[in-house]
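> Model the following, please.
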Amino acid sequence: MTVLSSGIGNYILCNKKKYSYFGGNNYLGLANHPDVKESSIQSIKKYGVNFSASRRTTGTADIHLELEKELARFKDKQDAVIFASGYQGNSILLDVLKSRYSAVFMDQLAHPSIIASLREITQLYSILNTVTPFILILC
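Model prediction:
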């Protein structure tokens, strides 16, 4: 197991050495931004550290609606929706799209959430060793 001795950013410290970091979800490099940290502290004071379960279970909080409204405005869209995890988002997206497609082809390295979601909603999927446009044309 890799033991980090720093926060997560563009770089990490591991065994007293500095490394470029590409392994996490901090794509925008905001995890240690002072404004994000301060907003997180204020949110924890108001809401606690989490809502204990998904919005489907515990309900939607005003902060969820506020974020969705801001995202929609930022993207110049009518509305937006956020999910607690990529797994949940993939599951819901695939459930919505299931009536539009008769079959699904995916690479064996597809995220486990996609494979699990497809297994739940349809039998019409194939996992291929490597997906290329040429292979899909042959299918």
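> what's the burial count for V81?
12 (other Cβ atoms under 10 Å). For the C-beta atoms, the positions are set from N, CA and C on the backbone; glycine is no exception.
> Could you do the one 5 residues further on as well?
Number of residues near G86 (other Cβ under 10 Å) recorded here: 12.
> what's the closest non-adjacent residue to it?
Among residues not flanking G86 along the chain, S113 sits closest, at 6.3 Å (Cβ to Cβ, 6 or more residues apart in numbering).
> again, but for N10
G29 (5.6 Å).
> Okay, and the one you found sits in which element?
Taking DSSP states H and E as the definition, one finds G29 inside no helix or strand.
> And it, how far from F22?
Distance check for G29 against F22: by Cβ to Cβ, to the nearest Å, it reads 12 Å.
> Compare neighbour counts for those two and give me the winner.
Neighbours per residue (other Cβ under 10 Å) separate G29 from F22, with G29 holding more: 11 against 8.
> Can you tell me how far that one is from Y11?
Applying Cβ to Cβ to G29 and Y11 gives a distance of 10 Å.
> How about A84?
28 Å.
> Tell me which of those two has more neighbours.
Between A84 and Y11, counted using other Cβ under 10 Å, A84 has the larger neighbour count: 14 against 11.
> Now for the closest residue to the more buried one other than its chain neighbours, how many residues are close by?
What sits nearest to A84 in space, not counting adjacent residues and going by Cβ to Cβ, 6+ apart, is S54, at 5.6 Å. S54 has 12 neighbours, counted by other Cβ under 10 Å.
> thought S54 was touching Q88?
Yes. When contacts are counted by Cβ atoms under 8 Å, S54 is listed as touching Q88 (6.7 Å).
> any idea where the helices of the protein begin and end?
34-47, 55-58, 62-74, 86-97, 112-121, 133-138 (DSSP state H).
> partners of the spatially closest residue to S6 that is not a sequence neighbour in the sheet?
Among residues not flanking S6 along the chain, L13 sits closest, at 3.8 Å (Cβ to Cβ, 6+ apart). L13 forms beta bridges with K18, as assigned by DSSP bridges.
> Okay, K75 and G7: tell me how far apart.
In terms of Cβ to Cβ, K75 sits 29 Å off from G7.
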